[in-house]
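*Asks:* After the sequence you'll find the predicted model.
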Amino acid sequence: MKRTLLFIAVAAAISGCQVDSSDIQLAQAVPVSEQVQFNATDTGLLIIDSQQSYVMDSDAFWTKVWYPDLPIPAENVDPQLHQNIDRIASLAKLANQLNFPTTITYEAYNTEWGLEYSPFISRIEEALDEDTQVFFKQTFNATLETDIENAMTSWLANGINRVIVAGAETDVCVMQTVLGLKKMGFEVYLASDATFSTEIYKRPTFKRLQQAGVKLAATSEVLESMQAQDELIYSPRYAVGNRAELHQADRAQMAYINFNMDPTSINKAVHDNKTAVDYRLTSLGLEQEFLFQSLPSFHVNAKTEAYTDKYRQNADMIHHERINQVIRDMRDMGKDQAMISGVVSQKELITTVVKLNSAQITPIILEDSLLGADVDPVHYLDLVYQLGAIPSTQKSNGYEMYVEVQLGDFSEDEKASYWQMNGLQESVIPELYPRLR
């Protein structure tokens with residue numbers, strides 16, 4: 001019944017548009033629970049980058065070390081931060097007791113003195129088995145590192161085809177590594193309350209992982225299943241279903257689509273925290289002008305009103321009245337991933353997603369850079385995810401586009417643009433964005 005009502009809602013939303021509602025394919029629902037009994041012969045534990053430098057209320061927090069003059073919004077510190085860390089430790093402790101194969105990763109940096117990295121969080125490290133595999137990485141997606149990929153391939157070869165994942169940061173290294181594990185063929189179970197990040201707004205990350213077929217469950221559920229005590233109940237669960245294919249961002253295939261970024265639309269836009277969105281739109285404009293200036297940027301505005309001068313923009317931004325014109329240009333440019341931000345109505349966003357999908361262009365919704373023209377977009381975003389759009393944020397998507405720490409995969413021109421942007425001293429790093437919701 002709910003599936004039928006959803007279809008009616010979508011069909012009504014796009015009525016009057018040139019979109020055939022009969023072409024809409026709704027995603028399948030995620031199961032409520034599953035009988036899962038993890039054991040040491042088929043399941044491994046992977047703890048990602050649970051390092052002291054990512055603990056936001058710690059003196060070791062990396063922005064305090066490197067940017068001591070930048071204020072850290074107190075409300076950005078997750079009130080569940082230390083409980084989440086304790087849950088990671090509890091997973092490590094039980095895995096140790098039950099002899100589950102365990103691997104941890106450290107994010108590390110090349111310096112003139114060699115490889116440098118922040119220590120693991122003490123209470124997690126103390127719970128680890130002495131035979132824990134330890135790897136250092138310089139990519140956000142750990143499976144892109146040859147030695148880690150080889151270790152995971154060895155797990156598969158030895159019958160370890162399920163992985164329980166915990167660690168940091170939820171929306172960067174955890175998300176990307178989990179997607180990498182899925183690509184390798186693992187069944188992945190994320191202990192959703194045993195992760196932490198500077199971004200408390202986790203819903204886009206969890207929705208994206210759920211779309212990819214990752215099983216999300218509370219740590220207490222995972223611990224019970226490790227002891228073969230009960231079925232695994234999935235939580236959180238969102239009405240976004242599963243995608244047929246695994247999406248991974250590729251900046252060479254991307255274009256920006258900025259909707260209605262004229263002063264009138266922005267002033268009238270609806271959101272429950274416009275101040276927080278303002279920081280993200282500021283950074284998004286800087287990225288389009290400097291960091292990712294080679295990516296096509298479009299401004300879609302049916303009234304042909306000019307892009308606001310409040311935010312920076314790509315010097316070569318293309319202005320169109322209709323999304324059909326953007327799709328034509330993207331096809332001509334060979335681009336098949338579209339990052340969507342700006343001010344959109346529910347009808348406009350649904351229509352855009354359906355048309356992009358029909359053109360085999362993946363719509364990526366930058367949730368934290370989106371304002372509503374009629375209602376706060378958080379109220380209808382699950383609808384567009386049901387239609388195949390990708391949940392994301394500016395921070396998640398940006399780090400996925402970077403690929404490596406220290407701009408390791410950037411060209412010399414891209415690096416020069418990055419330092420030019422930083423030299424303006426206009427941007428706030430994503431770790432210090434004011435809390436969105």
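*Replies:* Cool, got the structure. Predicted, not measured: the structure shown is a model, and the values here were computed from it.

*Asks:* CA atoms for contacts and neighbours, from now on please.
*Replies:* Fine.

*Asks:* contact partners of the longest helix along the chain?
*Replies:* Using DSSP state H, we find that the single longest helix of the chain is helix 81-98. Residues outside helix 81-98 that contact it (C-alpha atoms under 8 Å, 6 or more residues apart in numbering): 40, 45, 47, 55, 101-102, 123-125, 127-129, 166-167, 193-196, 219, 223.

*Asks:* try 6 Å
*Replies:* The contact list for helix 81-98 (C-alpha atoms under 6 Å, 6 or more residues apart in numbering) reads Ile124, Ala127, Leu128, Asp129, Asp193, Ala194.

*Asks:* again, but for stretch 357-369
*Replies:* For stretch 357-369, contacts defined as C-alpha under 6 Å, 6+ apart pick out 277, 280-281, 336-341, 389-394.

*Asks:* what pLDDT does Ala13 get?
*Replies:* On pLDDT, Ala13 comes in at 52.

*Asks:* The one 10 residues further on now?
*Replies:* At Asp23, the model reports a pLDDT of 46.

*Asks:* Closest one to Thr177 out of the contacts of helix 81-98, please.
*Replies:* Ala194 (15.2 Å; C-alpha to C-alpha).

*Asks:* burial of Glu412, as a residue count?
*Replies:* Residues near Glu412, counting by other C-alpha atoms under 10 Å, number 10.

*Asks:* Out of the contacts of helix 81-98, which two sit at the greatest distance?
*Replies:* Asp129 and Asp193 (21.9 Å).

*Asks:* which of these two has more neighbours?
*Replies:* Asp193 (23 against 19).

*Asks:* The helix or strand containing the more buried one: what's the following helix or strand?
*Replies:* Assigned by DSSP states H and E, Asp193 belongs to strand 187-196. Next helix or strand after strand 187-196 toward the C-terminus (DSSP H and E): helix 203-211.

*Asks:* partners of the helix or strand just after that next one in the sheet?
*Replies:* Per DSSP H and E, the first helix or strand lying C-terminal to helix 203-211 is strand 215-217. Strand pairing for strand 215-217, using DSSP bridges, gives strand 187-196 (parallel).

*Asks:* can you give me how far the partner strand is from the chain middle?
*Replies:* 14 Å (C-alpha atoms, centre = their mean, to the nearest Å).

*Asks:* Now it - C-alpha only, PDB.
*Replies:* Provided in PDB are the C-alpha atoms of strand 187-196 (Å, rounded to 0.1, in the frame of the first residue of the first chain):
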ATOM      1  CA  GLU A 187      28.700  -8.300   2.500                       C
ATOM      2  CA  VAL A 188      29.200  -5.200   4.700                       C
ATOM      3  CA  TYR A 189      27.600  -4.500   8.000                       C
ATOM      4  CA  LEU A 190      28.100  -1.000   9.500                       C
ATOM      5  CA  ALA A 191      27.800  -0.500  13.200                       C
ATOM      6  CA  SER A 192      26.000   2.800  12.600                       C
ATOM      7  CA  ASP A 193      26.400   4.100  16.200                       C
ATOM      8  CA  ALA A 194      30.100   3.100  16.300                       C
ATOM      9  CA  THR A 195      31.200   5.700  13.900                       C
ATOM     10  CA  PHE A 196      32.000   9.400  14.400                       C
END
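
*Asks:* Could you tell me the angle between it and helix 203-211?
*Replies:* For strand 187-196 against helix 203-211, the angle by axes from the mean of the first three to the mean of the last three C-alpha atoms, to 10 degrees is 170 degrees.

*Asks:* average pLDDT for strand 187-196?
*Replies:* 97.

*Asks:* what does that strand rub up against?
*Replies:* So strand 187-196 is in contact with 84, 87-88, 162-170, 214-219, going by C-alpha under 6 Å, 6+ apart.

*Asks:* redo that, cut-off 8 Å
*Replies:* Contacts of strand 187-196 (C-alpha under 8 Å, 6+ apart): 81, 84-88, 161-170, 174, 178, 181-182, 214-219, 222, 235-236.

*Asks:* Quick check on the residues you listed: which are buried?
*Replies:* Among those, the ones that count as buried by 16 or more other C-alpha atoms under 10 Å are 81, 84-85, 87-88, 161-170, 174, 178, 181-182, 214-219, 222, 235-236.

*Asks:* excluding its backbone neighbours, what's nearest Pro31?
*Replies:* Nearest residue to Pro31, sequence neighbours excluded (C-alpha to C-alpha, 6 or more residues apart in numbering): Tyr234, at 7.6 Å.

*Asks:* Looking at that neighbour now. What's its pLDDT?
*Replies:* You'll see Tyr234 listed with a pLDDT of 92.

*Asks:* I'd like to know how far it sits from Gly388.
*Replies:* Using C-alpha to C-alpha, to the nearest Å, one gets 21 Å for the distance from Tyr234 to Gly388.

*Asks:* quick one, which of these two is more surrounded?
*Replies:* The neighbour comparison of Tyr234 against Gly388 (other C-alpha under 10 Å) goes to Gly388, with 26 against 21.

*Asks:* tell me the contacts of the residue lying closest to that one once chain neighbours are set aside?
*Replies:* Closest residue to Gly388 apart from its sequence neighbours, by C-alpha to C-alpha, 6+ apart: Arg243 at 6.8 Å. The neighbourhood of Arg243, defined by C-alpha under 8 Å, 6+ apart, consists of Ala27, Gln211, Ala212, Gly213, Gly388.
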